[in-house]
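K.L.:
below: sequence and its predicted model.
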Amino acid sequence: MTSRPEYYVPQPYDPYADDEPQGGWFNSDGYLPRQPHDPHASQGHEIPQGYEVPQGYEVPQGYEVPQGYEVPQGYEVPQGYEVPQGYEVPQGYEVPQGYEIPQGYEVPQGYDYDPRTYPYQQPDDQQPDDQQTFALRTVAEPDAPAEPAYHVPESPEVGWDMAASRRRAWVSRAVLLCVLAVQAVLSLRLANTAFQDEALYLAAGHAELQHLLHGTPLPINYASYFSGSPQLYPVLAAVVDKRFGLTGARLLSLAFMLGTTTLLYSFTRRLFNERAALAGAALFAVVQSTVVMGYFATYDAAAVFLLALATWIVVRTDRAPVAAVLLAAPVAVLAVGVKYAAALYLPTIVVLALLTGWPHKGGRAYLRMLLLALGIGGLLAVGMYSTDLLAGVRQTTTDRDHGSDSAVFLLQRSAEWGGLMFLTAVGGAISYVRRSRMNESPLAQRLGTPGWRWRALLGLVLCGTALLAPAYQVHLGTVVSLFKHVGFGLLFAAPMAGVGVTRLIGAHFRYPQLGIMLWTATLCLGISQADWRFGVWPDSSKMIRVIDSHVDRKGHYLASTPEVPVYYLRDKTSHRQWQGVFALEYTDKKGRYHSGDAAYRAALRDGEFDLIVLDGLTNPRVDAVVADAVKGNPHYRLLADLPFRNSSGTGHYRIWTKTS
Amino acid sequence: MRLKERFCVARTAGTTRTAGKARVARTTLAACLAGVLALSGCSLLGDDGDDGGSSASGGRTAAPRAGASAAADIPYDVTPLLKPAKKYFGVAVPGAPTSMKSVDAYTGRTGKQPNLIEYYAGWGDGFDATGVRNAWAEGALTLMSWEPFDTPVADIAAGKSDAYIKEYATAVRKLNLPVVIDFADEFNGHWEKWGTNHVTPAQYVAAWRHIHQTFVDAGATNVIWSWSPNIVNPVKDVQLKPYYPGDAYVDWVGLIGYFTTGEDNAFDSVFGPTRDRIRTFTKKPMLLLETAAMPGERRRADIRNLFAGVEDDDDMLGFVWFNHKKRADWRLEASPLALKEFKRLAADDRFGFDVRKPS
């Protein structure tokens, strides 16, 4: 008997065969669920297609085959055919006594007996003997082979080691580097002049810097209306801007965002494994918010980086002494200082302190959480009462004016900007709750994994955090900054999204195309949305060149976005000289007080402003009021009409100068 | 006082247009990822290339780029030319500015390069961008006197010539060099087709504002608008104020007046009454948009009065010498002694400057 039929086709090894419930999108391991008592398995065996039952078996000379000997379909032993002892040996042919067909073809441990795979190895007593072959006839029979002629050596349960190795670390770091390179390229391809927020923070930073270094009075009290401390990010960015310009300040943001992705990779790896970490980082790196914040000189990039750092500390100190978690407190508080809205994510970090500590410390994880909460709370209280930022916090974050954007609109935007990644995260979380195993190795089954409640809570916390910002903005009714805040939430959902991608791809990279499709879709959305985002505001370079010679230290100017000229022309003008289009109070030459639209009309009637720059985008209603008041106004002459293209089509700057 | 017949130049000048298995799977994944990256990378680079090439074309809504080609693309700022420190030294000579030959000859005779060239265009003519460029190349501003011979001013005000005005304004904007436009000059005279016998002040103002607004709407901010009445001396009964479109629509007040024999030739006698009336309703700077002195004994004295009068008035921007032979021979070369005096006075540094570099 040959040791192995020639039609043997190796079937994939199923690592999850013994695992928990199968089926569904995220459990794609390629096997149909197999019933323990498959009716097909017990009812005869199908001969694999292509196997030809030797019909008309050619009988060698002198060898008599019983007439009509046929290998029956399904190996049903024909009546009167005795196996093996009763095997009727044709005359002159002796079957050696005691010849043993190797019983049961030794199957390595861990391999299931599978009738589809080894159709001829039925340990069934009724199994007919193999067909006769020449070999059996010609080989001289050993006298008494007491032992089988060969041994299949004991093979280990798995052929690889699931523990971390240096090679694996370097391979995953190399892939991470590729992810970071993609992220950097996506951010760096964006180009436009400074957005009004960038211009505001940089201009404020320069003013704060002058104030710190030389005691120059601040043109306006930035702290009263900034949504982050003007002494933190703006000063840092201004230092960079002074040396390297706007591009330098934007590269600083890129560094923050690349750092964020790296930290995300690191703590996801700690929470799950490299694969989930890389997948999560790869998705996070290409969403609109990450790409845009990576080339946007606002404090968002710094804040999200600090949040990622705090999370990283919490996750990394899971096995360290409980007090080590306090290291995260100053970082988290700094994140809030940089941007007040970052406080929205602190509860997540605190709960993570509990969840990450639980598998290692059990009940002491509660102490860890409490300690972190107290640490953060204490530092925040100190920060609040030692600075004058509370007013700014109130104005810009907690008591922000409610807008008029509808909930449906906001949810739609949130879904467009982060929906795909969020759904992946939810899928990952559900799949993770159903099955905790994160490694193909069968050894992984025997690892002690946290219970489903813990897993569910982790999934809920991470995915739920992604919903905080949209929910809060729906409450505020404003779409302003939503795209950035969606990105803050996605940082926390990213680990679960990573799990989702690994589950989608399946064990042994069974369905890489699904992962690639998902990532490519996210990438395409990210690129197009980032391009759109960076084109929302007009390129102001021409406008600045036009007004450059009309601006000095004495004039009073009106502009749709005063921040932009204030930033670009900071050497010759101060923020104090510029008026925006959102609110004006004016007392005319006759001493009458005006506010709102009437104030604009009165001021223009009096020729109050020496220069007017409207973009028609920032506040179209007031722009129309101003343009109407300037028409036929003897004080003003149209200086330039500058058409521009932006994401929503075309528009134009209109610039008037006072001539009399 | 119809001193001349209008003639138009450059009708022909057009507007400017110008495992084993897992391993395989892993390799495949890596290859696919690399492929996707390479593809997206290529397309990104491609996009950038396209943007560099044709930033304004196409319907895509990519981020606008600050291209190097946009460097010289801002509208010309005429503000420094509205009230320059020095005086305009202008001339109206036949053929200019389409051909600068007669200007060059005038320069040779007077010893100074004129920096304001006036020409006359009929309503319906194309914009003489080439002429403006020619003048600009020699450091001179072009002043176009736009005269509605065949189109009623009321029709212009009613918008019947809008297509023409828009096309004209677009051509002016496209040229992006400063141009002075004076519409329907001498409107306060009865001798013009658009004069007091044919057009009411309201119609005149409406037409002026309409033209101005059309230019503004087209973004043609490079036009200096000169409102140009004849001096009031021969038409004392005609009030100027009703004809004034308003400071929002006017940059200069251009006076048209000549030193003629038989009239007092003091500067204040010729221009004073008109100036005083105009100063009751506007403070816009003034220019002697058309002036000259009749040949004769008094011509040298007239020229002295002209220079002195312009020099003495800070609000007087300069003058344009009407160097034509129409009705009378206003050409300087007609009287050598006067020309000599003119040359002497024109040598004053306060007259003339390069309009391309206003101080």
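P.N.:
Done, it's in. Owing to the predicted nature of the structure, the values given are computational and were not obtained by experimental measurement.
K.L.:
past the helix or strand where residue B:104 lies, which element shows up next along the chain?
P.N.:
Element membership for residue B:104, per DSSP states H and E: helix B:101-110. Counting by DSSP H and E, the next helix or strand C-terminal to helix B:101-110 is strand B:116-122.
K.L.:
in the helix or strand following that next one, which residues are buried?
P.N.:
Counting by DSSP H and E, the next helix or strand C-terminal to strand B:116-122 is helix B:129-137. By 16 or more other Cβ atoms under 10 Å in any protein chain shown, the buried positions in helix B:129-137 come out as B:129, B:130, B:131, B:132, B:134, B:135, B:136. Where you see a C-beta, it was placed from the backbone N, CA and C, and this is true even at glycine.
K.L.:
any regions of the stretch 301-450 of chain A where pLDDT drops low?
P.N.:
Scanning the stretch 301-450 of chain A with the threshold set as pLDDT under 70 gives A:388-389, A:391-392, A:395-401, A:445-448.
K.L.:
who's in contact with residue A:557?
P.N.:
A:551, A:565, A:573, A:577, A:578, A:579, A:609, A:610, A:611, A:612, A:613 (Cβ atoms under 8 Å, 6 or more residues apart in numbering or on different chains).
K.L.:
at 6 Å what do you get?
P.N.:
A:577, A:578, A:609, A:611 (Cβ atoms under 6 Å, 6 or more residues apart in numbering or on different chains).
K.L.:
so what pairs up with the residue lying closest to it once chain neighbours are set aside in the strands?
P.N.:
Of all residues not flanking residue A:557 in the chain, residue A:611 sits nearest, at 4.5 Å (Cβ to Cβ, 6 or more residues apart in numbering or on different chains). Legend: beta-bridge partners of residue A:611 under DSSP bridges are residue A:557, residue A:657.
K.L.:
my read: residue A:611 touches residue A:549, true?
P.N.:
No. Here residue A:611 does not reach residue A:549: they are 10.6 Å apart, not a contact under Cβ atoms under 6 Å.
K.L.:
in terms of neighbours, single out the busier of those two.
P.N.:
residue A:611 (24 against 12; other Cβ atoms under 10 Å in any protein chain shown).
K.L.:
sorry, back to before: now, of the contacts of residue A:557, which are buried?
P.N.:
Buried among the contacts of residue A:557 (16+ other Cβ under 10 Å): A:577, A:578, A:609, A:611.
K.L.:
contacts only, for the second one.
P.N.:
To tie it back to what came earlier, the one meant is residue A:578. Taking Cβ under 6 Å, 6+ apart, one finds A:557, A:562, A:566 in contact with residue A:578.
K.L.:
let's see it at 7 Å
P.N.:
Residue A:578 makes contact with A:557, A:559, A:562, A:566, according to Cβ atoms under 7 Å, 6 or more residues apart in numbering or on different chains.
K.L.:
top of these by neighbour count?
P.N.:
residue A:566 leads the contacts of residue A:578 on contacts (other Cβ under 10 Å) with 27 neighbours.
K.L.:
buried residues, the helix or strand that contains that residue. List them.
P.N.:
In the assignment (DSSP H and E), residue A:566 maps to helix A:563-568. Residues A:563, A:564, A:565, A:566, A:567, A:568 are the ones in helix A:563-568 that count as buried (16+ other Cβ under 10 Å).
K.L.:
what does the host helix or strand of residue A:638 contact?
P.N.:
Per DSSP H and E, residue A:638 falls inside strand A:636-646. Strand A:636-646 is contacted from outside by A:535-539, A:542-543, A:546, A:612, A:630, A:650-659, B:64, B:74-75, B:77, B:79, B:216, B:219, B:221, using Cβ under 7 Å, 6+ apart.
K.L.:
try 6 Å this time
P.N.:
A:535, A:538, A:542-543, A:546, A:630, A:651-659, B:64, B:75, B:216, B:219, B:221.
K.L.:
does chain B have contacts with stretch A:510-519?
P.N.:
Yes. Interface with chain B: stretch A:510-519 contributes A:512, A:516 (Cβ under 6 Å from any Cβ of the partner chain).
K.L.:
now do that stretch, average pLDDT.
P.N.:
Averaged across stretch A:510-519, pLDDT comes to 95.
K.L.:
show me where the stretch 101-250 of chain B has helices.
P.N.:
Listed in chain order, the helices found in the stretch 101-250 of chain B under DSSP state H, counting those that start in this stretch are B:101-110, B:129-137, B:153-157, B:162-175, B:201-217.
K.L.:
ok, the residue lying closest to residue A:623 once chain neighbours are set aside to chain B distance?
P.N.:
In space, and not counting its chain neighbours, residue A:623 is closest to residue A:614: 4.7 Å by Cβ to Cβ, 6+ apart. Relative to chain B, residue A:614 is positioned 14 Å away (Cβ to the nearest Cβ, to the nearest Å).
K.L.:
after the helix or strand bottoming out on mean pLDDT in chain B, which helix or strand is next?
P.N.:
Across the helices and strands of chain B, mean confidence by mean pLDDT, DSSP states H and E is lowest for helix B:20-53: a mean of 42. Using DSSP H and E, the helix or strand that follows helix B:20-53 towards the C-terminus is helix B:79-82.
K.L.:
partner strands of the helix or strand following that next one and their direction?
P.N.:
Next in sequence after helix B:79-82, counting helices and strands by DSSP H and E, comes strand B:88-92. As defined by DSSP bridges, the strand partners of strand B:88-92 come to strand B:116-122 (parallel), strand B:316-322 (parallel).
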